[in-house]
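> Provided below are the primary sequence and the corresponding predicted coordinates.
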Amino acid sequence: MNLRIIIDHFNKIRIKNSSNTVMDGYFIRPTGTTPSVNFRPGNGELELRGNSMPDDPLSFYGHVFSHLPALDNDELKAINVNFALKNIEDSSTYLHILIKKLISLSSEKRPLNITWYYEKNRTNILEIGREISEHYSHPFKFVEVFKIKDQLRQAS
């Protein structure tokens, strides 16, 4: 498949395939207090990676929430979400809301697959993931890694 990728000055990604079908998405670069967000709704993919300690969590996560309706697409076979968070402060409520919204967009034909990566020595991050999974009775895949950075290496 021939793809053209266009990234505008707001880091919004527009992908055009050979039939000129446009799949919007965006990438938010991480800061010391906010995770990177890589959203590719045309593929049913969302990833948050890094620290989740925003000064204004409503503003940060509100931006993510506002784009979620793009996942309400009958052509998607699944919604795949990866969380690879190092620190979570004052934003676990927003993670709950995010997951609740994602669950509402899923269906029998479009299941929600959540993978929750956590660093080997940060069991508090694992516990937050378990708590959210249990709260919504939605299974997560938990993966222990050595260190969360651009690439994940699974711990053995």
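Looks like it arrived, so ask away.

> which stretches in this protein count as helices?
Applying DSSP state H to the chain gives helices spanning 57-67, 92-105, 123-135.

> packing partners of the shortest one?
What that stands for is helix 57-67. Helices and strands touching helix 57-67, by 3 or more CB pairs under 8 Å, 6 or more residues apart in numbering; DSSP states H and E, are strand 36-40, helix 92-105. From N, CA and C alone the C-beta is placed, and that goes for glycine too.

> pull out the buried residues from it.
By neighbour count on 16 or more other CB atoms under 10 Å, the buried set for helix 57-67 is 57, 60-61, 64, 67.

> residues in contact with I28?
Each residue near I28 by CB atoms under 8 Å, 6 or more residues apart in numbering is listed here: 11, 34, 36-37, 63.

> tell me the centre residue of the chain?
Centroid-nearest residue in the chain: E47, 3.0 Å away (criterion: CA atoms, centre = their mean).

> what stretches of the protein score poorly on pLDDT?
Scanning the chain for pLDDT under 70 picks out 1-23, 150-156.

> report the angle between the axes of the longest strand along it and helix 92-105?
When the chain is parsed with DSSP state E, its longest strand is strand 79-88. Orientation check (axes from the mean of the first three to the mean of the last three CA atoms, to 10 degrees): strand 79-88 against helix 92-105 gives 170 degrees.

> parallel or antiparallel, list what pairs with strand 79-88.
Partner strands and pairing direction for strand 79-88 (DSSP bridges) are strand 45-52 (parallel), strand 112-119 (parallel).

> now M53: closest residue in space that isn't a chain neighbour?
In this structure, M53 finds its nearest non-sequential neighbour in E89, 4.1 Å apart by CB to CB, 6 or more residues apart in numbering.

> if you could redo that for A78, that was the one I meant.
Nearest non-adjacent residue to A78, counting by CB to CB, 6+ apart: P111, 5.2 Å away.

> correct me, but M53 touches T33?
Yes. The pair M53 / T33 is scored as a contact, 4.5 Å apart, by CB atoms under 8 Å.

> returning to what we had before: could you dump the longest strand of the chain to PDB, C-alpha only?
This file holds the C-alpha atoms of strand 79-88, laid out as PDB (Å, rounded to 0.1, in the frame of the first residue of the first chain):
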ATOM      1  CA  ILE A  79      -9.200  -0.600  19.400                       C
ATOM      2  CA  ASN A  80      -5.700  -1.100  20.700                       C
ATOM      3  CA  VAL A  81      -4.500   1.100  23.600                       C
ATOM      4  CA  ASN A  82      -1.000   1.000  25.100                       C
ATOM      5  CA  PHE A  83      -0.200   2.700  28.400                       C
ATOM      6  CA  ALA A  84       3.500   3.000  29.300                       C
ATOM      7  CA  LEU A  85       3.500   5.400  32.200                       C
ATOM      8  CA  LYS A  86       6.400   6.000  34.500                       C
ATOM      9  CA  ASN A  87       4.700   8.300  37.100                       C
ATOM     10  CA  ILE A  88       1.100   9.100  37.700                       C
END
